[in-house]
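Trainee: output the structure for:
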Amino acid sequence: GGTDIYFVYTNNGQIMSEPTNLGPGVNSPGNEIAPYIFDNSLYFSSDVFYGIGGMDMYKTNMYADGSFGIPINLGKGINTAFDDFGLILRDNGPEGILGYFSSNRTGGKGNDDIYGFKVKEDLGLKTFSLKGRVVNLKSNDGILKAQLRLLDKDSVLIKEVYSDDNGDFRFEIPWKDQITVQATKDHYSIFSATYNESEYDTVQKGTFIIGLSSIEDLLTEKEGKQVVKIQKFYFDKGRADITPKIQIELDKVVDAVQRFPQLKLSIESHTNSKGSRKSNSQLSQRRADAIKSYLIKNGLSSSNIISVGLGEDNLINKCADGVYCLEFLHNQNERTNIVVANFEEL
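Mentor: A predicted model of the protein is given here:
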């Protein structure tokens, strides 16, 4: 724009580089002047940003990666409808912060006069800043163009951004006493976490990592269908009790649905051909119902789960009634698949 702010690298007071423009995060099509650094923040004046009038003074947070936060107007009292610029600050111990600046506001002794002030707290609007990365939980690679949203305590959207090529993102918003961070992408899980003011320091410290699961990492194809990826398990002979070993596998299903709440499941239980067709059908239905009950008990919605007992109708080998087979072949037919019924919609 008009006058921009630049920086140079120095060594013992000697300039060691060409001037570098601070870019559009600080500079505007108008005029930016009088840069001053205090307590990891850059203060400057501008006549273009959302100002009160003339030249107003602003504050922007400085980050370790060389980027800047959103410019924050220092507000009425310090800024006026006239030109306010040249701010310098000093730590005044227990009394707070001591500041000086120039202004051509009315009531002065001349054109540009020097003014001073004392404040107890930092200048400008307090902000919440979050720098992070969205990664694939399995590979730890950054996820490109993941959608990130910040919501207030009433679930009203505050800001939405998308992660860059490396999965990196940054938010900076006016201070809220509670925020919810959400992240997702097509074919990836949903992340949602709520934080209060007491947790902000921990959340804002370092890089905030959000891990998402890819749907492909949680599903596999069996018998031409997409099913939740779990280890094969067996019920006790003739029974439908959920044993500790079965619980371990079903907890994986619970975890998958918690990551993908939109999943609709069809529990398909099969038996081998031993016993009558009727008893096998009834047994497989009891087993499917027992699995459904366990999943519901552990927080899944009953409206998204159906249970189907298929008995010996869909054998995967030739071990039908009247055919002699070794036990391991009969065991191949006894199985339960947790089918994702709405896979094509994901």
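
Trainee: domain ranges for the protein?
Mentor: Listed by automatic domain parsing, the domain ranges of the chain are 6-119, 127-213, 216-345.

Trainee: what's the span of the second one from first residue to last?
Mentor: Across domain 127-213, the terminal residues are separated by 31 Å (Cα to Cα, to the nearest Å).

Trainee: from memory Phe101 sits against Asp83, does it?
Mentor: No: at 10.3 Å, Phe101 does not count as touching Asp83 under the criterion of Cβ atoms under 8 Å. Just so you know, the C-beta spots here come from the backbone N, C-alpha and C atoms, and that holds for glycine as well.

Trainee: picking up where we left off before, Throw the domains of the chain into JSON lines and include mean pLDDT and mean neighbour count, thanks.
Mentor: Converted to JSON lines, the domains of the chain look like this (pLDDT from 0 to 100; neighbours: other Cβ atoms under 10 Å):
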{"stretch": "domain 6-119", "mean pLDDT": "91", "mean neighbour count": "15"}
{"stretch": "domain 127-213", "mean pLDDT": "94", "mean neighbour count": "15"}
{"stretch": "domain 216-345", "mean pLDDT": "97", "mean neighbour count": "16"}
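
Trainee: helices along the stretch 201-346 of the chain, start to end?
Mentor: For the stretch 201-346 of the chain, applying DSSP state H, counting those that start in this stretch gives helices covering 215-218, 244-259, 277-297, 327-333.

Trainee: output the third one as CSV - backbone C-alpha positions only.
Mentor: Meaning helix 277-297. What follows is helix 277-297, C-alpha atoms only, in CSV (Å, rounded to 0.1, in the frame of the first residue of the first chain):
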residue,chain,number,x,y,z
ARG,A,277,-31.7,-75.0,10.4
LYS,A,278,-34.3,-73.5,12.7
SER,A,279,-32.2,-73.7,15.8
ASN,A,280,-29.2,-72.2,14.0
SER,A,281,-31.4,-69.3,12.8
GLN,A,282,-32.6,-68.7,16.3
LEU,A,283,-29.1,-68.9,17.8
SER,A,284,-27.6,-66.5,15.2
GLN,A,285,-30.4,-64.0,15.9
ARG,A,286,-29.8,-64.2,19.7
ARG,A,287,-26.1,-63.6,19.1
ALA,A,288,-26.8,-60.6,16.8
ASP,A,289,-29.2,-59.2,19.3
ALA,A,290,-26.7,-59.6,22.1
ILE,A,291,-24.1,-57.7,20.1
LYS,A,292,-26.6,-54.9,19.4
SER,A,293,-27.5,-54.7,23.1
TYR,A,294,-23.8,-54.4,24.1
LEU,A,295,-23.2,-51.6,21.6
ILE,A,296,-26.2,-49.7,22.7
LYS,A,297,-25.2,-50.2,26.4
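
Trainee: between that helix and helix 244-259, how many degrees?
Mentor: When axes from the mean of the first three to the mean of the last three Cα atoms, to 10 degrees is applied, the directions of helix 277-297 and helix 244-259 differ by 50 degrees.

Trainee: what's in contact with helix 277-297?
Mentor: Contact partners of helix 277-297, identified using Cβ atoms under 8 Å, 6 or more residues apart in numbering, comprise 235, 238, 240-242, 246-247, 250, 253-254, 257, 265, 267-275, 302, 305-313, 321, 336, 338.

Trainee: same deal with stretch 326-342?
Mentor: With contacts defined as Cβ under 8 Å, 6+ apart, stretch 326-342 is touched by 219, 222-223, 225-228, 230, 232-235, 253, 262-274, 287-288, 291, 306, 312, 315-317, 319, 346.

Trainee: narrow those residues to those in strands?
Mentor: Per DSSP state E, strands hold the following members of those: 219, 222, 225-228, 265-270, 306.

Trainee: among the residues you listed, which one sits closest to Lys159?
Mentor: For those, the residue nearest Lys159 by Cβ to Cβ is Leu219; the value is 32.4 Å.

Trainee: just list whatever residues bridge to that closest one.
Mentor: Val228 (DSSP bridges).

Trainee: how far away is it from Phe343?
Mentor: 7 Å (Cβ to Cβ, to the nearest Å).

Trainee: how about Asp217?
Mentor: Applying Cβ to Cβ, the value for Asp217 to Phe343 is 14 Å.

Trainee: cool, and Gln178?
Mentor: 36 Å.

Trainee: then Val8?
Mentor: Computed as Cβ to Cβ, the Val8 to Phe343 distance reads 57 Å.

Trainee: quick one: contacts for the residue lying closest to Asn304 once chain neighbours are set aside?
Mentor: Spatial nearest neighbour of Asn304, excluding adjacent residues (Cβ to Cβ, 6 or more residues apart in numbering): Lys264 at 4.7 Å. Contact analysis of Lys264 by Cβ under 8 Å, 6+ apart lists 304-305, 340-342.

Trainee: export the residues you listed to CSV and tack on distance to Gly96?
Mentor: Below are these laid out as CSV (distance: Cβ to Cβ, whole Å):
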residue, distance to Gly96
Asn304, 56
Ile305, 59
Val340, 59
Ala341, 62
Asn342, 58
